[in-house]
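In: With the input below, show me the fold.
(chains A and B)
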2 protein chains.
Amino acid sequence: MTNFAVIGPGAVGSVIALELLKAGLDVKLFGRQEQQVVVKQTKLNVTSLVVNQQKFDYIFIAIKVTKNHEITEALRKMTHHHTIIIVCQNGMGQLTDFNMAAAFQAAVYISGQKKGDVVTHFRDQTLILPDYPAMHDLKKHLSQSTIEIVISEGQRTILWYKMLVNLGINTVTALSKNTTAIMELENIQQLVRNLLHEGVQIANADGENFSEATIDEIMEIYKGYPADMGTSMYYDALNDRKLEYDFIQGQFHQIARENHIDTPVLDICCTLLTAYQYKK
Amino acid sequence: MTNFAVIGPGAVGSVIALELLKAGLDVKLFGRQEQQVVVKQTKLNVTSLVVNQQKFDYIFIAIKVTKNHEITEALRKMTHHHTIIIVCQNGMGQLTDFNMAAAFQAAVYISGQKKGDVVTHFRDQTLILPDYPAMHDLKKHLSQSTIEIVISEGQRTILWYKMLVNLGINTVTALSKNTTAIMELENIQQLVRNLLHEGVQIANADGENFSEATIDEIMEIYKGYPADMGTSMYYDALNDRKLEYDFIQGQFHQIARENHIDTPVLDICCTLLTAYQYKK
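Out: Residues are numbered from 1 along each chain as shown, chains lettered A, B, ... in the order given. As a prediction, the model looks like this:
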């Protein structure tokens, strides 16, 4: 029987593991240590990743991208020649962290939060995957589960769009150490627009076809955020944790350099975000 | 007998009060509440500002510039027609906060720190004052004290120089939430240089005559800082306190706008620093 592993007992990983289990699939949820999480009023067992000896056909990665290097050895032990890895993380460009197997990046729409051992699921449980045979196989395997699998030829565009959404709001909330309330400030709106303008140029140099209308659309998304909302980078900055910088702003920055795109605003933000992480 | 008040029992205020006392002058140190501070192994009494009924000939202001509005009423009660106020704070442009008397900005070189009730004095006890008759009178009064009073025609240039030093290092340490160690990063050095370049243009529009050599000189000063040193704005950002933004970066920004100087780097930094303070 095809078996599944989910690594990372946060909101995304716990919801995926629960729904696969409810669909009668052979699935194990892994974390740093043996514990239990509660998701949708159901207790789920979390198995310690370091003691695992089993191999898996499909592995969902739902840890923070900044922690990828910590699971390399454990992942190597749990993959075989035909293992498929689905990366359910923010960012792009981290597939090279998973070169022990065939790895695919998902665009994840599962919104929830974890407090203590309790996961609250807010809305959505959709994974958008690229159009490859392996992904169609996965979709068949998950057909009985409530996780919606969408396979899209335009999946890369969806990933880039998510990157742009993250670029604008995560940058200014992390650097100002303030919530999305700051989007009420005209100067911040203009700064975010300038950042997105540079981001669109960068994505387009990578083959996308975004326009000024994309920026207007993303600014509208931000307007829908509650004022006291924090972003993942805001919470990381507030708690002095490592930021997902390398996989969001850092990724934009790298592609800008490769393509000789002038990005004065992104440059300053990247300089300050790099300084935030320096020797911490 | 001429009497003196010092408001603010921090490092600067406590050292001034102690040295005036030791010189046999009639001086009172004021703070938020009755307490004692220890400075140079001597206990000093701090009088509560709100209960004071006395008037003073000279008043030294040594509180944080962000707290000026809190002492307005108390100050009004302690001034008479000939009171002279000496502002011993970071920044420029806050003299308008002290319109109840003749007020002069000092460039303060007193380095120390306060932990609990104990002030440690590191080095220097010099006040550089502008060349006005009232300042010469003050110098005579203080001739027996070890506080060195320097009266300089170029005092405004000294204030601007201090502003430039603060502009570079305070901005990047506050926004990156990191110590002066970040000055080891080439990108940060370049960002600071760009900021100082804009700062020099602004100061020069205000009548100064700084050059690229000034920037090199300030970069050398930064090199002399120990790597784990925090700046005042860094500590404020770390502890989620209000920043002295209005009186440093905000001051530069205002003069830039008045003189139509293009300051793209300062603009971004000011936008982020304003956002930091938004609705906090």
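In: Can you spell out which helices and strands pack onto the longest helix along chain A?
Out: As assigned by DSSP state H, the longest helix anywhere in chain A is helix A:155-176. If contacts are counted by 3 or more CB pairs under 8 Å, 6 or more residues apart in numbering or on different chains; DSSP states H and E, helix A:155-176 sits against strand A:107-115, strand A:118-130, helix A:186-205, helix A:212-223, helix A:232-238, helix A:249-258, helix A:264-277, helix B:264-277. Glycine gets a C-beta too; all of them are placed from N, C-alpha and C.
In: right, so of these, which gets closest to B:Cys88?
Out: Each of the helices and strands packed on helix A:155-176 was scored for nearness to B:Cys88 using CB to CB, and the closest is helix B:264-277 (23.6 Å).
In: what's the model's confidence in the longest helix of chain A, averaged?
Out: Per-residue pLDDT over helix A:155-176 has a mean of 96.
In: Name the residues of the stretch 101-250 of chain A found near chain B, please.
Out: Taking CB under 8 Å from any CB of the partner chain as the criterion, the neighbours of chain B within the stretch 101-250 of chain A are A:172, A:175-178, A:181-182, A:184-185, A:187-188, A:190-191, A:237, A:240.
In: what's the nearest residue to A:Asp240 if we skip its chain neighbours?
Out: In space, A:Asp240 comes closest to A:Lys280 once its chain neighbours are excluded; the distance is 7.0 Å by CB to CB, 6 or more residues apart in numbering or on different chains.
In: and A:Thr126, how many neighbours?
Out: Around A:Thr126 there are 13 other residues, counting by other CB atoms under 10 Å in any protein chain shown.
In: quick one: pLDDT of it?
Out: At A:Thr126, the pLDDT value in this model is 95.
In: next one: A:Gly93
Out: pLDDT recorded at A:Gly93 is 81.
In: Tell me which residues touch it, please.
Out: A:247, A:251, A:254 (CB atoms under 8 Å, 6 or more residues apart in numbering or on different chains).
In: So what's the residue count around the first one?
Out: To tie it back to what came earlier, the one meant is A:Phe247. Other residues near A:Phe247 number 21, with proximity taken as other CB under 10 Å.
In: Quick check: closest non-adjacent residue to it.
Out: A:Gly91 (2.9 Å).
In: any idea how far chain B is from the closest residue in space to A:Asp131 that isn't next to it in sequence?
Out: The spatially closest residue to A:Asp131, leaving aside those adjacent along the chain, is A:Glu153, at 4.8 Å (CB to CB, 6+ apart). Counting by CB to the nearest CB, to the nearest Å, the separation of A:Glu153 from chain B is 38 Å.
In: What about A:Glu153? Give its phi and psi, please.
Out: Backbone dihedrals for A:Glu153, given as degrees, to the nearest 10, come out at phi -60, psi -30.
In: So which of the residues of the stretch 101-250 of chain A next to chain B is the closest to B:Val12?
Out: When these are compared for distance to B:Val12 (CB to CB), A:Lys177 wins out at 27.7 Å.
In: can you pull the contacts of the closest one?
Out: Neighbours of A:Lys177 in contact, by CB under 8 Å, 6+ apart: A:234, A:237-238, B:177, B:237, B:240, B:276.
In: for A:Val118, same thing?
Out: Taking CB under 8 Å, 6+ apart as the contact definition, A:Val118 lies against A:37-39.
In: Next one: the closest residue to A:Thr157 other than its chain neighbours from chain B, what distance?
Out: Counting by CB to CB, 6+ apart, A:Glu208 is the residue found nearest to A:Thr157 once chain neighbours are left out, at 5.9 Å. Between A:Glu208 and chain B the computed distance is 25 Å (CB to the nearest CB).
In: is it true that A:Glu208 touches A:Trp160?
Out: Yes: with the criterion set as CB atoms under 8 Å, A:Glu208 and A:Trp160 qualify as a contacting pair; they are 5.1 Å apart.
In: Compare these two (neighbour count), which wins?
Out: Neighbours were tallied for A:Glu208 and for A:Trp160 using other CB under 10 Å; the higher tally belongs to A:Trp160 (24 against 19).
In: A:Phe210: neighbour count?
Out: Around A:Phe210 there are 20 other residues, counting by other CB under 10 Å.
In: Now do the contacts for it.
Out: The contact partners of A:Phe210, by CB under 8 Å, 6+ apart, come to A:160-161, A:164, A:200, A:203-204.
In: tell me the SS of it?
Out: Under the three-state scheme (DSSP: H, G, I helix; E, B strand; the rest coil), the conformation of A:Phe210 reads as coil.
In: Give me the nearest residue to it, chain neighbours excluded.
Out: The shortest distance from A:Phe210 to any non-neighbouring residue, by CB to CB, 6+ apart, is to A:Val200 (4.4 Å).
In: May I have the beta-bridge partners of A:Ile110?
Out: Listed by DSSP bridges, the beta-bridge partners for A:Ile110 are A:Gln125.
In: hang on, the earlier thing: roughly how far does the residue nearest to A:Asp131 sit from A:Met135?
Out: In this structure, A:Glu153 and A:Met135 are 11 Å apart, going by CB to CB, to the nearest Å.
In: how deep is the closest residue to A:Met183 other than its chain neighbours tucked in, by neighbour count?
Out: Taking CB to CB, 6+ apart, and ignoring the residues beside it in sequence, A:Met183 has A:Tyr222 as its nearest neighbour in space, at 5.2 Å. Here the count is done by other CB under 10 Å, and A:Tyr222 has 18 residues near it.
In: A:Tyr222 and A:Ile182 touch, don't they?
Out: No: distance between A:Tyr222 and A:Ile182: 10.3 Å, which falls outside the contact criterion (CB under 8 Å).
In: what about the residue in the stretch 101-250 of chain A that chain B sits nearest to, how many neighbours?
Out: Shortest the stretch 101-250 of chain A-to-chain B distance, computed as CB to the nearest CB: residue-wise this is A:Ser176, at 3.6 Å. Here the number of neighbours of A:Ser176 (other CB under 10 Å) works out to 25.
In: And for it, nearest residue in space, chain neighbours not counted?
Out: Once flanking residues are discounted, A:Ser176 sits nearest to B:Ala275: 3.6 Å by CB to CB, 6+ apart.
In: residue contacts, that neighbour?
Out: Under the criterion of CB under 8 Å, 6+ apart, the contact list for B:Ala275 reads A:172, A:175-176, A:178, A:182, A:185, A:187-188.
In: care to break chain A down by domain?
Out: Domain segmentation of chain A under automatic domain parsing yields A:3-153, A:156-277.
In: do you know which of those domains lies nearest B:Thr120?
Out: Of these, nearest to B:Thr120 by CB to CB is domain A:156-277, at 26.8 Å.
In: and the closest one, how far apart are its ends?
Out: Distances were taken as CA to CA, to the nearest Å; on that basis the terminal residues of domain A:156-277 are 29 Å apart.
In: ok so, going back, using neighbour counts, give me the buried entries of the contacts of B:Ala275.
Out: Buried members of those, counted by 16 or more other CB atoms under 10 Å in any protein chain shown: A:172, A:175-176, A:178, A:182, A:185, A:188.
In: Nearest to A:Thr126, out of those: which one, please.
Out: For those, the closest approach to A:Thr126 (CB to CB) belongs to A:Val172, at 27.2 Å.
In: Pull the contacting residues for the closest one.
Out: By CB under 8 Å, 6+ apart, the contact list for A:Val172 reads A:182-183, A:188, A:191-192, A:195, B:272, B:275.
In: Chain B versus the residue nearest to A:Gln53 when sequence neighbours are not counted, what's the distance?
Out: Of all residues beyond its chain neighbours, the one nearest A:Gln53 is A:Lys77 (7.2 Å), with distances taken as CB to CB, 6+ apart. With the distance defined as CB to the nearest CB, A:Lys77 ends up 37 Å from chain B.
In: quick revisit: let me have the helices and strands packed on helix A:155-176 in JSON lines, extended by distance to B:Ala23.
Out: Below are the helices and strands packed on helix A:155-176 laid out as JSON lines (distance: least, CB to CB, whole Å):
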{"stretch": "strand A:107-115", "distance to B:Ala23": "60"}
{"stretch": "strand A:118-130", "distance to B:Ala23": "66"}
{"stretch": "helix A:186-205", "distance to B:Ala23": "49"}
{"stretch": "helix A:212-223", "distance to B:Ala23": "60"}
{"stretch": "helix A:232-238", "distance to B:Ala23": "48"}
{"stretch": "helix A:249-258", "distance to B:Ala23": "56"}
{"stretch": "helix A:264-277", "distance to B:Ala23": "45"}
{"stretch": "helix B:264-277", "distance to B:Ala23": "40"}
